[in-house]
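[1] just the structure for this:
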Amino acid sequence: MTQLAELPHTVPAADPAANSGAVRTAGRPRIIGVGTAVPAFSYTQEELLDIFQITDQRVRSVFLNSAIDRRFLNLPPERDDGTRRDETQGELLAKHRTQGIEMGVRALQACLKDADADLDDVAYLCCVTSTGFLTPGLSALLIRELGLDVHTSRLDVVGMGCNAGLNGLTAVSGWAEAHPGKLAVMLCIEACSAAYAFDGTMRTSVVNSLFGDGSAAVAVLADDTGPRGGPTVLKFASCIMPDAIDAMRFDWDDDHGKFSFFLDREVPYVVGAHAELVVDRLLAGTSLRRSDIAHWLIHSGGKKVIDSVMVNLGLTRWDVRHTSGVLRDYGNLSSGSFLFSYAALAEEAVVRPGDHGVLMTMGPGSTIETALVQWR
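    Just a heads-up that it's a prediction; the model follows:
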């Protein structure tokens, strides 16, 4: 099943762009700032294998052939003998809350600084997470923590997985366009170490070798005035693969007495096989071809996922350099991964006015989410 979501503005019949298939940018929401945050401690894959005393060569191979150099993590507490003890589900949930709020605050503050905005400017806050469940959610906790206006509108996107950053951006962009001049912020908070189960099996090792902790925020504004730049969000397209609904899941593990994440080994190939379909749908009606896209910001889902998407879309290593760089330096950061890539592109300062970009995230469902943006 495929689904296309385009923001409300349409090109007027009198507009010359109507015949060219161009997408109107006037009055649409723009990304005007981004910020990221990670925990204080990071570890190489070799260090993690040593810390958890993993000697199984199959498991070690998964860690050491992951294309990941280092990840930022909040590891379980140490025992007196220096080994790490198993955390209860209650302790993991507490980690999700405390570490999530701490990272979220720093990412939001960095984002507002980048957007030349203040906390008082935030009118809408969308928090995205899949590493724990809280009621009230992270949005309410952060509004209290930061002293945001009590009239701040909010949304929590919980449990959608690695694709959820673009699901959240869809909501944030729609709200911003409905409230011109008011600042909307999406905040992805993923304390992935709060969703780990350790038992030395291949099932848990695939997950434990891949994910890292991190938070990323993006500020969105629909306002044609002022000097602030940033790409305009033009449209979205989605594709869900119901036949692969069990390929990625976060469910209860009776053996461990906690929630545990599962990744099927076929996930990269399922995602890759559908990447072309959803991107072509995203570009339909715009007169753009894939070769016209200057910047590709793809979720750092893993080495095989990146390779599969790259092959199926005909991309080069240069096209996915930021995605691969995020995987190398942080691991899979779940919903916020693509924003770490966006921040790296912004720092690189190679974007030219008029450039188009495609944002792509993948996750449980199995689902691919995409967005088309254009820098002005």
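
[2] give the contact list for G168.
    Neighbouring residues of G168 by C-beta atoms under 8 Å, 6 or more residues apart in numbering: C126, V128, L155, V157, M186, C188, S335. Backbone N, C-alpha and C define where each C-beta goes, glycine included.

[3] turn those into CSV, including neighbour count, pLDDT and secondary structure.
    Listed next are these as CSV, based on neighbours: other C-beta atoms under 10 Å; pLDDT from 0 to 100; DSSP: H, G, I helix; E, B strand; the rest coil:
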residue, neighbour count, pLDDT, secondary structure
C126, 25, 98, strand
V128, 31, 98, strand
L155, 17, 98, strand
V157, 23, 98, strand
M186, 32, 98, strand
C188, 32, 98, strand
S335, 31, 97, helix
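
[4] take those residues and write them to a markdown table, including distance to L169.
    Listed next are the contacts of G168 as a markdown table, based on distance: C-beta to C-beta, whole Å:
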| residue | distance to L169 |
| --- | --- |
| C126 | 8 |
| V128 | 9 |
| L155 | 12 |
| V157 | 10 |
| M186 | 6 |
| C188 | 10 |
| S335 | 10 |
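
[5] just flag the most distant two among these.
    Greatest spatial distance among the contacts of G168 (C-beta to C-beta): L155 and S335, at 13.6 Å.

[6] which stretches in the stretch 151-300 of the chain count as strands?
    153-158, 183-190, 214-221, 232-240, 248-253, 258-263, 295-298 (DSSP state E, counting those that start in this stretch).

[7] switch those over to JSON lines; also include distance to L92.
    Converted to JSON lines, the strands of the stretch 151-300 of the chain look like this (distance: least, C-beta to C-beta, whole Å):
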{"stretch": "strand 153-158", "distance to L92": "15"}
{"stretch": "strand 183-190", "distance to L92": "13"}
{"stretch": "strand 214-221", "distance to L92": "17"}
{"stretch": "strand 232-240", "distance to L92": "28"}
{"stretch": "strand 248-253", "distance to L92": "12"}
{"stretch": "strand 258-263", "distance to L92": "6"}
{"stretch": "strand 295-298", "distance to L92": "29"}
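
[8] what pLDDT is listed against L7?
    Here the pLDDT value assigned to L7 is 48.

[9] quick one: A217 and L187 touch, right?
    Yes: A217 sits in contact with L187 when judged by C-beta atoms under 8 Å, with a separation of 4.5 Å.

[10] joint contacts of these two?
    Contacts common to A217 and L187, judged by C-beta under 8 Å, 6+ apart, are G104, A107, L108, C111.

[11] pull out the buried residues from these.
    G104, A107, L108, C111 (16 or more other C-beta atoms under 10 Å).

[12] any chance of these in TSV, with secondary structure too?
    Formatted as TSV, the entries for the buried ones among the shared contacts of A217 and L187 read as follows, by DSSP: H, G, I helix; E, B strand; the rest coil:
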residue	secondary structure
G104	helix
A107	helix
L108	helix
C111	helix
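
[13] which of those lies closest to G147?
    Using C-beta to C-beta, L108 comes nearest to G147 of those, at 12.2 Å.

[14] contacting residues around the helix or strand harbouring A344?
    Secondary-structure element containing A344, defined by DSSP states H and E: helix 337-348. Surrounding helix 337-348, the residues in contact under the criterion C-beta under 8 Å, 6+ apart are 31, 34-36, 162, 165-166, 188, 214, 216-218, 295, 297-301, 322-323, 325-326, 330, 333, 351, 357, 359-361.

[15] burial check on G212, number of neighbours?
    Neighbouring residues of G212 were enumerated by other C-beta atoms under 10 Å; the total is 28.

[16] actually V267, not the one I wrote
    Burial of V267 is recorded as 22 neighbouring residues (other C-beta under 10 Å).

[17] for L210, same thing?
    By the other C-beta under 10 Å criterion, the neighbourhood of L210 contains 24 residues.

[18] against Y196, how distant is it?
    Computed as C-beta to C-beta, to the nearest Å, the L210 to Y196 distance reads 11 Å.

[19] same check, this time on A275
    Using C-beta to C-beta, we find A275 at a distance of 28 Å from Y196.

[20] tell me how many other residues crowd R352.
    Counted with other C-beta under 10 Å, the burial measure for R352 works out to 7 neighbours.

[21] state the pLDDT value of F259.
    pLDDT recorded at F259 is 80.

[22] residues touching it, list them.
    For F259, the contact set (C-beta under 8 Å, 6+ apart) comprises Q89, L92, A195, A197, F250, D251, W252, D253.

[23] excluding sequence neighbours, find me the nearest residue to the last one.
    Distances taken as C-beta to C-beta, 6 or more residues apart in numbering place S260 nearest to D253, at 3.9 Å, with adjacent residues excluded.

[24] surely that neighbour touches N208?
    No: with contacts defined as C-beta under 8 Å, S260 does not count as touching N208, sitting 10.3 Å away.

[25] ok, the two, which is more surrounded?
    A direct count of neighbours by other C-beta under 10 Å for S260 and N208 places N208 higher, at 24 against 19.

[26] which intervals of the stretch 51-200 of the chain have sub-threshold pLDDT?
    For the stretch 51-200 of the chain, applying pLDDT under 70 flags the ranges 200.

[27] A140 against R154, yeah?
    Yes: the pair formed by A140 and R154 meets the contact definition of C-beta under 8 Å, at 6.8 Å.

[28] any idea whether the closest residue in space to H179 that isn't next to it in sequence is helix, strand or coil?
    By the measure of C-beta to C-beta, 6+ apart, the closest residue to H179 outside its immediate chain neighbours is A123, 6.7 Å from it. Applying three-state DSSP to A123 yields a three-state assignment of strand.
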